[in-house]
Structure formats: C-alpha cells, structure tokens
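K.L.:
from the sequence below, what's the structure:
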Amino acid sequence: MELRGFRPSDLDALVALDDVCFDPPFRFSRSAMRSFVQARNARVTIAEATDGSLAGFCILHVHPQAMGYIVTLDVAPGARRRGLAGELMDRAEAEALEAGCSAVALHVFTGNTTAIRFYERRGYVFSHRAASFYGRGTDALVYNKELPPISVGQPV
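P.N.:
Predicted structure coming up:
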C-alpha cells in the first residue's frame, strides 16, 4: 500500500469509491468531489494498492482559523479492518499540524456507530449535534481533536 497525494486522474476513482462507501445523502457528486480536492486549502491523501487500485482516501481542508476539517474518509470494503483508516487519519492530522492547525474537526452521521467509535478511539471528542447537516432530518455529530503542539526540531 502506498500513501501519496492526489492526481487529477484520481477523480473518477474517488467518486466511484465514495459511491461504494456511502449511501445517499452522504455521497458526494462528481462536481462536489472535484471542488473538495481542488480547493486551495485541500490536503488529499490517496491509498493506492499494489495493483494500482484505490484502497482509500482522506480529504482534509485547512482553515485560516488554524483548524483542520476532515471532509471525508473513504476506505474500500476489501481494505477495511487492516489499519488503513488510521493511517489515512494519521497523515491528515500530520498535515494539519504541518499547516499550523491546533485542532481537527469532522462531522459524522448520528447512525454511523462504527465511525463514531473509530473517531472516539482516536481521541476525537463530541462537540455538538448539527441538525439536518446531511439534509432535512438527517443530523450529524461534530467531533473535535486537539493536536499536540510541535516543538522545534520535532518531526511531523
């Protein structure tokens, strides 16, 4: 498995994997995905399998308020339960730190208990409920994680 940055040729594979990972209304359209990965503040990590297929990806946006935001974390069904989601999150958090962020936030569907447990195990703390975040009557939970400050000379 190789972790690398986004290439424009990855877009179709990202959209296809997002369709596999999420049901509507949680999926992103092709145009939304393109906007997310091409944003000036985007940091995208691609997990490419040895056969060249897309095993997963994470999109992080870095905001001027020194806050990182996980737009999405997608892992192919065949690559789950092998630590890949954790590796992608490690990379996103490291990139957030590198960009000067002191914390990372994310939204997760209230019914996605597997993801909620995953984020809580990683140190994310529930902040509040976002009513109708995914559409009318479909709420999200907002989680935050404070990132440790980087000391001078400490590798990220």
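
K.L.:
got a list of what residue 4 touches?
P.N.:
Applying CB atoms under 8 Å, 6 or more residues apart in numbering, we find residue 4 in contact with 45-46, 48. Where C-beta positions appear, they are placed from N, C-alpha and C, glycine not excepted.

K.L.:
let me redo that: residue 30
P.N.:
So residue 30 contacts 11-12, 15 (CB under 8 Å, 6+ apart).

K.L.:
now do it against residue 18, distance only.
P.N.:
Remark: distance between residue 30 and residue 18 (CB to CB, to the nearest Å) = 10 Å.

K.L.:
and for residue 41?
P.N.:
Applying CB to CB, one obtains 20 Å for the distance of residue 41 from residue 18.

K.L.:
repeat that for residue 51.
P.N.:
20 Å.

K.L.:
so which of these two has more stuff around it?
P.N.:
residue 18 (19 against 6; other CB atoms under 10 Å).

K.L.:
what packs against the helix or strand where the more buried one lies?
P.N.:
Taking DSSP states H and E as the criterion, residue 18 maps to helix 11-21. Using 3 or more CB pairs under 8 Å, 6 or more residues apart in numbering; DSSP states H and E as the contact test, the elements touching helix 11-21 are helix 30-38, strand 54-63, strand 67-75.

K.L.:
state the mean pLDDT of it.
P.N.:
Helix 11-21 shows a mean pLDDT of 96.

K.L.:
again with stretch 91-98
P.N.:
Stretch 91-98 shows an average pLDDT of 94 in the prediction.

K.L.:
okay, residue 155: pLDDT?
P.N.:
Residue 155 is given a pLDDT of 57.

K.L.:
quick check: buried residues in the helix holding residue 18?
P.N.:
For helix 11-21, a neighbour-count test (16 or more other CB atoms under 10 Å) marks 13-15, 17-18, 21 as buried.

K.L.:
what does stretch 103-111 give?
P.N.:
Within stretch 103-111, the residues scored as buried using 16+ other CB under 10 Å are 103-109.

K.L.:
from those, which is closest to residue 141?
P.N.:
residue 108 (5.4 Å; CB to CB).

K.L.:
what helix or strand is that closest one on?
P.N.:
strand 103-109.

K.L.:
what's the neighbour count on residue 72?
P.N.:
Neighbourhood size, residue 72 [other CB under 10 Å]: 21.
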